[in-house]
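In: here is a sequence together with a model predicted from it:
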2 protein chains.
Amino acid sequence: MVDLKKGAAAAVAADEPGAVPDHEWELFNTPAPLINMASRGLMRLAERRLKPFGASAGQLPVFYLLRDGGAMSQRDLARLARIEQPSMAQTLARMERDGLIRRVPDPKDGRSSLISLTKKALTKAPALREALHAGRAELVEGFSEAEIATLCDLLRRLNRNLDRGVIREIAE
Amino acid sequence: MVDLKKGAAAAVAADEPGAVPDHEWELFNTPAPLINMASRGLMRLAERRLKPFGASAGQLPVFYLLRDGGAMSQRDLARLARIEQPSMAQTLARMERDGLIRRVPDPKDGRSSLISLTKKALTKAPALREALHAGRAELVEGFSEAEIATLCDLLRRLNRNLDRGVIREIAE
DNA sequence: ATCAATTACATAGGTCCCTATATATTAAAT
DNA sequence: ATTTAATATATAGGGACCTATGTAATTGAT
């Protein structure tokens, strides 16, 4: 199942003569930097793909969560997107600036607003979905479905470890 | 904290009355968001672990590349750390502000400076190394060596795909 | 009913990145 | 030699996150 075929070769490569010594940087043979690098690459990819539609990567969870025209509080958006509230606040501020979302005061709770996508945003949605789908295909090009599943599984476990660490340290 | 109770099942499930609908968010069953989430988690972990020593995550590559007291140009630091030059410039500015690096004009090239760690930074180095080691252990807790290797391998392939995409689009 | 938590947001201040550009300086080409 | 192209940094402008705090509205417990 988990075809272990190595391929650790070509990790860094290229030892030009007068060049900087090519340290066999342990940091690139450990998961953390690879994940960080992948994340940055994904961000750039998403940015390039979404910019033409006037959207950006951080807005995707909002587009997704409100895709049916529904409304939700900022808090719920943040919780479901798994980012902190101030981060979501900033994203929503930008989306509001760009006319992508609308806020309506929650009649049930004077502190809260219900956020929903504008018509403009809802119109973009299908194109975004399409762009994402294409990006995803490009990302996992050459991967078998099993490999993708394995990758996701390992990443989920990693994320669980990360969450646990946070909780452990907060609790002490 | 959003119990991600995965399991591809429960797809359309659970539409409790007042609750937020538990969309079976495709985005969390695909590698991209998992990677993004892991990267953010790693960043937070690193930050927590490094702050006590007056260092931060983005500085690690610099610490590593100059660990032996050597000197290097900003360009080479950026290239080896695989970030863009302006990003490295900003990191170095912060490190200079914090007294961690020193710049000496390159006698061979009037445009360039040679960057090296200060004594202060070199002193911190072992503690950082230690902290990283501990963090790494926590991260992959419960993983077999083979699983870690598989993860790294898959991530390297992913990164290769991401790089290829960039190149392909730049070339057109 | 009142006063003290507990929320929901807003704001301030930072880090880590990226793209696009401007500014020197060195290397190449004519 | 001059002009031109390529390099090494610097700067401007943003986006995406985070932590720490402040503020207003709501809940809870007297």
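Out: Perfect, I can see it now. Residues are numbered from 1 along each chain as shown, chains lettered A, B, ... in the order given.

In: and A:Tyr130, how many neighbours?
Out: For the record, residue A:130 is Glu, not Tyr. 12 (other Cβ atoms under 10 Å in any protein chain shown). Glycine gets a C-beta too; all of them are placed from N, C-alpha and C.

In: tell me if it really is in a helix.
Out: Yes - per DSSP: H, G, I helix; E, B strand; the rest coil, A:Glu130 lies within a helix segment.

In: hmm, the longest helix anywhere in chain A in reach of chain B?
Out: Criterion DSSP state H: the longest helix present in chain A is helix A:145-171. Yes - counting by Cβ under 8 Å from any Cβ of the partner chain, chain B has neighbours in helix A:145-171: A:147-148, A:150-152, A:154-159, A:161-163, A:165-166, A:169.

In: now which of those would you call buried?
Out: Buried residues within the residues of helix A:145-171 next to chain B, counting neighbours by 16 or more other Cβ atoms under 10 Å in any protein chain shown: A:147-148, A:150-152, A:154-159, A:161-162, A:165.

In: okay, now the unreliable bits of chain A?
Out: A:1-27, A:166-172 (pLDDT under 70).

In: strands of that one, start to end?
Out: Per DSSP state E, chain A carries strands over the ranges A:101-105, A:113-117.

In: deepest-packed of the ones you listed, please.
Out: Ranked by mean neighbour count under mean count of other Cβ atoms under 10 Å in any protein chain shown, these are led by strand A:113-117, which reaches a mean of 20.

In: which other helices and strands does that one contact?
Out: Contact here means 3 or more Cβ pairs under 8 Å, 6 or more residues apart in numbering or on different chains; DSSP states H and E; on that basis strand A:113-117 packs against helix A:60-65, helix A:74-81, strand A:101-105.

In: now, of those, which is deepest in the fold?
Out: Of all the helices and strands packed on strand A:113-117, helix A:60-65 carries the top mean neighbour count, a mean of 22, counting by mean count of other Cβ under 10 Å.

In: turn the helices and strands packed on strand A:113-117 into JSON lines, including distance to DNA strand C.
Out: Listed next are the helices and strands packed on strand A:113-117 as JSON lines, based on distance: least, Cβ to the nearest atom of the strand, whole Å:
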{"stretch": "helix A:60-65", "distance to DNA strand C": "13"}
{"stretch": "helix A:74-81", "distance to DNA strand C": "3"}
{"stretch": "strand A:101-105", "distance to DNA strand C": "7"}
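
In: out of those, nearest to B:Thr118?
Out: B:Thr118 lies closest to helix A:74-81 among the helices and strands packed on strand A:113-117, at 40.1 Å (Cβ to Cβ).

In: chain center to the longest helix of chain A, what's the gap?
Out: 15 Å (Cα atoms, centre = their mean, to the nearest Å).

In: that helix to helix B:145-171, inter-axis angle?
Out: 110 degrees (axes from the mean of the first three to the mean of the last three Cα atoms, to 10 degrees).

In: can helix A:145-171 be found next to DNA strand C?
Out: No - shown here: helix A:145-171 not in contact with DNA strand C (Cβ under 7 Å from any atom of the strand), separated by at least 14.4 Å.

In: picking that back up, can I get the helices and strands packed on strand A:113-117 in a markdown table with distance to B:Arg48?
Out: Shown next, in a markdown table, are those (distance: least, Cβ to Cβ, whole Å):
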| stretch | distance to B:Arg48 |
| --- | --- |
| helix A:60-65 | 24 |
| helix A:74-81 | 21 |
| strand A:101-105 | 33 |
